[in-house]
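Engineer: Everything below, folded, please.
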Amino acid sequence: MEIIPLKRATAQMVLAKDIMRSEGPNPLPISRKGTELTQTLIKQLLDMGIQSVAVEEHPICQKEKEGLQEGLDKLAYRFKRLEGNPVMMKIKEIYQDRLIAIKKGEHARKTDSIS
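Structural biologist: Sure thing, here's the model as predicted:
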């Protein structure tokens, strides 16, 4: 299972979790686990303000995976010129912690759009 931004979803990906509407006292299902995404459904979900979805393994998701060290190296490269800036170093630290959590499969924060 991968949690991806809805903007990166493509037709034929399959939902790994129900998508729930979080408004009101009782959440209502928008789309159920196992549903195959279509361009129309993706557009409708975007129009509803859904930002991310959980999808089953898909070749696109597998291609995007990279090793933790490679990700940390890229992060260090991007922030190299900003080493004297304490605010930017704090931002780098936050990104680094999040990258490590994601690579270890710990999704520290889940959005309201998936359940």
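Engineer: remind me which residues of the protein are low pLDDT?
Structural biologist: Along the chain, the model assigns pLDDT under 70 to residues 58-66, 105-115.
Engineer: Kindly indicate whether the residue of it most remote from its centre is helix, strand or coil.
Structural biologist: The outermost residue of the chain relative to its centre, with distances by Cα atoms, centre = their mean, is residue 84 at 30.5 Å. Classification of residue 84 by DSSP: H, G, I helix; E, B strand; the rest coil places it in coil.
Engineer: where along this structure do the strands fall?
Structural biologist: In the chain, the strands defined using DSSP state E lie at 2-5, 19-21, 28-31, 52-55.
Engineer: how about a markdown table for those strands, with distance to residue 79 added?
Structural biologist: Every C-beta, even on glycine, is put in place using the N, C-alpha and C of the backbone. As requested, those are exported to a markdown table (distance: least, Cβ to Cβ, whole Å):
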| stretch | distance to residue 79 |
| --- | --- |
| strand 2-5 | 22 |
| strand 19-21 | 35 |
| strand 28-31 | 38 |
| strand 52-55 | 25 |
